[in-house]
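Peer 1: Quick one, structure for this:
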Amino acid sequence: MELKDCIVVIPTYNEIENIEAIVRAVFSLPLSFDVLIVDDGSPDGTAHKVRELQREFPNRLHLQERRGKLGLGTAYLHGFQYALQRDYEYIFEMDADFSHNPEDLIKLYWACAEEGNDVAIGSRYSNGVNVVNWPMSRVMLSYFASRYVRFVTGLPIHDTTAGFKCYRRQVLETIRLDRIRFTGYAFQIEMKFLAWKYGFRLVEVPIIFTDRTKGQSKMSKGIFREAMIGVIQIKINSLFTRYTPQRSQPTNRLVRRNG
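Peer 2: A predicted model of the protein is given here:
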């Protein structure tokens, strides 16, 4: 079976102000990406708007609806399973609120497809601090949280909590997705840590992260607390786990162009 190319998994909860614009932005790129929206029962009509857009993009825009707000990590895991079952080769995760610039999807894609990496991470901290519209307190909290994660785990990544990534499918096939424990920032850390422990090649691609201008942030103290405690659990668990190194072989397959 011939593999498909790229799909972008975008979890949503009350993103009616952003959803149409983000979908159109992805579909306007010069390289072709399918989009999967995983909506957690948004009461503001986000899923309804996606269904309307599906009439315009019937083969490229996909929707999975879940009942209730079940967590960011589980939304991504749901999306990853969906993508693996449909034989996509490159699987992306991205926020709906334009904090991640859709144009950077192309840079993440090339980092895997052409440069031979297995995970490409849109990084806020690999080249200084590239964050716009965040208060300094939040910038410092995020930056030093990543420093803390690196100290505890040894993970050689500057932006350990980044949520803008491209995975080769073999990475997600190798990681036991059914055993991922965390749902917030710790989910992002756990996925990178496992990919690294299995011997996959991770690369950070510098991006500029811009805080949302529409809709409400889903960030909470509980998410940060999970990350801080979860990092220790991740490290302890790794001491009792044997990882068989994996490495995917570069496919050098060019994604189809729009138009």
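Peer 1: Flag the shaky bits of the stretch 151-259 of the chain, pLDDT-wise.
Peer 2: In the prediction, the stretch 151-259 of the chain carries residues with pLDDT under 70 at positions 212-224, 227, 247-259.
Peer 1: Helices of that one, residue ranges please.
Peer 2: Listed in chain order, the helices of the stretch 151-259 of the chain (DSSP state H, counting those that start in this stretch) span 169-174, 185-197, 221-238.
Peer 1: how about the shortest one as CSV, C-alpha atoms only?
Peer 2: Meaning helix 169-174. The C-alpha atoms that make up helix 169-174 are tabulated as CSV, following Å, rounded to 0.1, in the frame of the first residue of the first chain:
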residue,chain,number,x,y,z
ARG,A,169,5.2,7.4,11.2
GLN,A,170,7.8,4.8,12.4
VAL,A,171,8.3,6.9,15.6
LEU,A,172,4.6,6.7,16.5
GLU,A,173,4.5,3.0,15.5
THR,A,174,7.4,2.3,17.8
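Peer 1: what residues does it touch?
Peer 2: With contacts defined as Cβ atoms under 8 Å, 6 or more residues apart in numbering, helix 169-174 is touched by 3, 80, 83-84, 87-91, 118-119, 195, 198, 200, 246, 248. For every residue, glycine as well, the C-beta is placed using N, CA and C.
Peer 1: from the chain's centre, how far out does it sit?
Peer 2: Averaging C-alpha coordinates over helix 169-174 and over its chain gives two centres that are 14 Å apart (Cα atoms, centre = their mean, to the nearest Å).
Peer 1: hmm, back to that, ok, of the contacts of helix 169-174, which come out buried?
Peer 2: Buried residues within the contacts of helix 169-174, defined by neighbour count using 16 or more other Cβ atoms under 10 Å: 80, 83, 88-91, 118-119, 195, 198, 200, 246, 248.
Peer 1: okay, those residues in a markdown table with distance to residue 232 next?
Peer 2: As requested, the buried ones among the contacts of helix 169-174 are exported to a markdown table (distance: Cβ to Cβ, whole Å):
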| residue | distance to residue 232 |
| --- | --- |
| 80 | 25 |
| 83 | 31 |
| 88 | 34 |
| 89 | 35 |
| 90 | 32 |
| 91 | 29 |
| 118 | 26 |
| 119 | 23 |
| 195 | 19 |
| 198 | 21 |
| 200 | 23 |
| 246 | 26 |
| 248 | 30 |
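Peer 1: Need the max-distance pair from these.
Peer 2: Within those, two members stand farthest from each other by Cβ to Cβ: 88 and 198, at 19.6 Å.
Peer 1: Bridged to the closest residue to residue 75 other than its chain neighbours, which residues?
Peer 2: Residue nearest to residue 75 in three dimensions, not counting chain neighbours: residue 11, with 3.6 Å by Cβ to Cβ, 6 or more residues apart in numbering. For residue 11, the beta-bridge assignment (DSSP bridges) gives partners residue 38.
Peer 1: Distance of residue 11 relative to residue 79?
Peer 2: 7 Å (Cβ to Cβ, to the nearest Å).
Peer 1: So which of those two has more stuff around it?
Peer 2: The residue with the greater number of neighbours, taking residue 11 and residue 79 and applying other Cβ atoms under 10 Å, is residue 11; the counts read 27 against 23.
Peer 1: Might you report the residue contacts of the more buried one?
Peer 2: With contact taken as Cβ under 8 Å, 6+ apart, residue 11 is in contact with 37, 38, 39, 40, 72, 75, 76, 79, 95, 96.
Peer 1: No further queries at this time; thank you.
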